Structures are given as structure tokens and as C-alpha cells.
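Student: got a sequence here, can you build the structure:
(2 chains)
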2 protein chains.
Amino acid sequence: MSTIKRRPGRRPGSADTRGEILAAARKVFAEKGFDKATVRGIAREAKVDPALVHHYFDTKEGMFAAAMRLPITPDLVVSVLLDGPREELGRRLVTMMLTVTGDPETREPMIALVRSAMTHEQSRVLFREFITNALLYRVADHLGIPHLRIEAAFSQMFGVIVARHVLRLEPMASAEPEELVELLAPTIQRYLTL
Amino acid sequence: MSTIKRRPGRRPGSADTRGEILAAARKVFAEKGFDKATVRGIAREAKVDPALVHHYFDTKEGMFAAAMRLPITPDLVVSVLLDGPREELGRRLVTMMLTVTGDPETREPMIALVRSAMTHEQSRVLFREFITNALLYRVADHLGIPHLRIEAAFSQMFGVIVARHVLRLEPMASAEPEELVELLAPTIQRYLTL
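Tutor: Residues are numbered from 1 along each chain as shown, chains lettered A, B, ... in the order given. The predicted model follows:
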């Protein structure tokens, strides 16, 4: 949110407030990690009322996703997983992940976060806290499966996305999503089924 | 191998020759990538006879593994995979990967290579050429399975090792190898079976 255009007729500050909150959120998340960052602390950093932060963002998870420009929120992942027959869970998750990472515009912020987490300790802690507490543990608890199983599923999809879009191994990088769904969905389905 | 000490009494060059070849190998691999690097080119860079390079290293793959301080060579992986019943292939591969990455001394050079491949384009090309041509395609061809399937297996193990030792997600990071073998071996077995 670094490019802010002032359009005539808009209330002063209104367009910038969301951007200022997100800049404050990035700073506070980087300093405190995900778990210890609070809406109140981010509001203080942005010099706005906490109610205003809540006006723009429902949850801390949503604010993190917006601050990191992530295309998907934990809420969306959970709803995609729960919305449909349980025996097609693996297929739904793999399809969603391949779709979201198929478009460079939604993929790049995710890859940036992963690269950063793999090379900077502060980013690693932030990524770990977010990915486990805000996403993986929630999904596992919804499904009633052990946390290790959701992390096995995460590892598989993480590895595929890195092999496909970062290391760009062939034939993985050019494989059709449909072919990958056939190959990967049974793995995810097994991990998410007790 | 940038620090070379000449000790008195030792035949000139003999202890250093292997180190000098490895230093030359690192330079040539970085510049040319894995595919285009040759034993002859590395010998020229090290200012030694190619026969001497062959005396120290049987194959280009072995030289690469030594140059990058990797604990396992493609030959070792292939022999572990082929040495035993085909229906326990998944178990053997997972056990080997968890053992090799369980010891920080053998793990750290592998992690260093991965980090580098994820952040530097030249290292990425080198890593990709090595991992596919020297390792994954060879294993797949031995087993008679499509290359995409070996890369699905690679992705799973890559993701687990990163989650466990780089991102350090819990409970994955502290899980016992035996528990991970139970969880992961059927996945690898399925990918490596047509």
C-alpha cells in the first residue's frame, strides 16, 4: 500500500487509513511475531482508534493476510475444506492451492513470505506462528485430526509449490493442475482422515 | 577449501590437491551449472591432470556431492532404493532421508544448498540440474515410473525436511522418526508404484 492516490471529493485521510494500519501491522507483526501482536498494539502504532482497525479488518488473521498481501485467509481455507463431502477434502484442498498459486499475482506474495521465512529468523517465527496457530491447528481441530497429520499435508503442498514455482523442476513445473490433483489428492485425503 | 596450509614434511601438493580440485569444482559448477560442467573443465581450473581428478572422484555426481559437502550421493540413494523388497521402498527412502537429516552435521550442508537455491538464480539452476538429472530422473528410470511421480515424492520429503528443520513447525520438528515413517512411507510407496 505504498502508492496512495488522493481523488477529489474523497474525505481526507480515509483512503490512507487502511494503508497506514497495514503498514503499522507489518511493523508490529515483524517486531512481536504473530501470537503477541494485538489489534490494540497495531492501532497504537498507526495512531488510530482500535475500533477503526476493527472496522477495516474482522480478525488479526485477516489483517495479517492483508498486510502480507496474501490471497487467502485462514477463514477461506477452513470454509473451502468444510464446504463439501468429507471424502473429497483432499481434492478440494489440492485444487484450491493449485488455483491460488497458479496466478503469479496471488502466488508472488506467498513465495516472498516463504523465502523470507527460510532465510531470516524473525520472519521464520512470524511465519511459523501464523501458519500453525492461525491456520493448520485450526483446520486440524475442525477435522478432529492430530496436528502432525495436518503438517504432513502442509509439507506435501509446500514441497509441490516450491518444486513447481521456485525450483521449477520439470515436469512438475509444467504439469497440468488436473494431473497434479489426481496424484496429490489421495495423499492429502489420507493425512486428513484418521 | 580457500585456506590451504602447506605442512613441512608432506609431499608438496598431495594433501591440498583434493581440496584444490573441490574448490575448482565449486567455481566451475557455480559458473556452468551441473549439466555443462565437465571433469576436464574442473581439472583445467584446478591446474591438474584430468586423470588426477578421476583418481579422487569416480563421477561428476560424486564430485558435486563432495564439493557441496553433501552426505549422500545419488549412487547411494539408488542403491538404498534398489536394495530390498519393492513393497518396502517407501519405508526405506523415508528412513534414509530422516536419518541423514537427523544429524546436524550431515543436515546443514543440505539445508545450505536448499536455502541458496531458493534465493539465488545461479544456485537454483545448479540445484535443479543436479537434483533432476543426477538423482530424480535416474531413480525414476530405474523404477520405471514417470518423472512426475518421483518429483511428487521429492516434494513430500523436501516439505517435511523444511517444515522440521528450517521452519521448525511443531509437532513436526520434534516428532520421532518412527512416527514420521508410519505417516509418510505409504505416500512415497504410492508415488513410486504405478
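
Student: for the rest of this, base every contact and every neighbour count on C-alpha atoms.
Tutor: Fine.

Student: so what are the domain limits for chain A?
Tutor: Per the record, chain A has its domains at A:1-67, A:70-194, by automatic domain parsing.

Student: least confident of those domains, on average?
Tutor: The weakest mean pLDDT among the domains of chain A belongs to domain A:1-67, with a mean of 82.

Student: near chain B at all, it?
Tutor: No: using C-alpha under 8 Å from any C-alpha of the partner chain, domain A:1-67 stays clear of chain B, coming no nearer than 14.0 Å.

Student: tell me the most buried of the domains of chain A?
Tutor: Among these, the stretch with the highest mean neighbour count (mean count of other C-alpha atoms under 10 Å in any protein chain shown) is domain A:70-194, at a mean of 18.

Student: start and end of that domain, how far apart?
Tutor: 30 Å (C-alpha to C-alpha, to the nearest Å).

Student: one step back: can you redo the domains of chain A as CSV with distance to residue B:74?
Tutor: Below are these laid out as CSV (distance: least, C-alpha to C-alpha, whole Å):
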stretch, distance to residue B:74
domain A:1-67, 40
domain A:70-194, 17
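
Student: residues contacting the lengthiest helix in chain A, please?
Tutor: Of all the segments assigned as helix in chain A under DSSP state H, the longest by residue count is helix A:14-36. Contact with helix A:14-36 is made by A:1-2, A:4, A:6, A:37, A:41-43, A:45-46, A:53, A:56, A:63-64, A:66-68, A:122-123, A:125-127, A:129-130, A:133, as judged by C-alpha atoms under 8 Å, 6 or more residues apart in numbering or on different chains.

Student: helices and strands around the next helix or strand along the chain from it, which ones?
Tutor: On the C-terminal side of helix A:14-36, the closest following helix or strand by DSSP states H and E is helix A:39-46. When contacts are defined as 3 or more C-alpha pairs under 8 Å, 6 or more residues apart in numbering or on different chains; DSSP states H and E, helix A:39-46 sits against helix A:14-36, helix A:50-56.

Student: now do whichever helix or strand comes after the shortest one: everything it contacts.
Tutor: Going back to what we said before, that points to helix A:50-56. Going down the chain from helix A:50-56, the next helix or strand is helix A:60-67, by DSSP H and E. Contacts of helix A:60-67 with the rest of the structure, by C-alpha under 8 Å, 6+ apart, involve A:22-23, A:25-26, A:29, A:38-39, A:57, A:71-74, A:130, A:134.

Student: what's the farthest-apart pair in the residues you listed?
Tutor: A:38 and A:71 (21.8 Å; C-alpha to C-alpha).

Student: for the helices and strands packed on helix A:39-46, which one sits closest to residue B:114?
Tutor: The nearest among the helices and strands packed on helix A:39-46, by C-alpha to C-alpha, is helix A:14-36 at 24.0 Å.

Student: report the inter-axis angle for that closest one versus helix A:39-46.
Tutor: Helix A:14-36 and helix A:39-46 meet at an angle of 130 degrees, taking axes from the mean of the first three to the mean of the last three C-alpha atoms, to 10 degrees as the criterion.

Student: helix A:60-67 and helix A:14-36, what's the angle between them?
Tutor: Using the same axes, to 10 degrees, helix A:14-36 lies at 120 degrees relative to helix A:60-67.

Student: any idea how far helix A:14-36 is from the chain center?
Tutor: Here the centre of helix A:14-36 is set off from its chain's centre by 16 Å, with C-alpha atoms, centre = their mean, to the nearest Å.

Student: then stretch A:166-183?
Tutor: 21 Å.

Student: just the CA atoms of that stretch, as CSV, please.
Tutor: Extracted in CSV, the C-alpha atoms of stretch A:166-183 (Å, rounded to 0.1, in the frame of the first residue of the first chain):
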residue,chain,number,x,y,z
VAL,A,166,10.6,-21.7,-7.0
LEU,A,167,13.0,-24.5,-8.0
ARG,A,168,10.9,-25.0,-11.2
LEU,A,169,11.7,-28.7,-11.6
GLU,A,170,10.4,-30.3,-14.8
PRO,A,171,8.0,-32.0,-15.4
MET,A,172,6.4,-30.7,-12.1
ALA,A,173,6.6,-27.0,-13.1
SER,A,174,4.6,-27.5,-16.4
ALA,A,175,2.3,-30.3,-15.2
GLU,A,176,-1.4,-29.6,-15.7
PRO,A,177,-3.3,-28.9,-12.4
GLU,A,178,-5.7,-31.8,-13.2
GLU,A,179,-2.8,-34.3,-13.4
LEU,A,180,-1.4,-33.0,-10.1
VAL,A,181,-4.8,-33.2,-8.4
GLU,A,182,-5.0,-36.9,-9.4
LEU,A,183,-1.6,-37.6,-8.0
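
Student: fine by me, we can end here.
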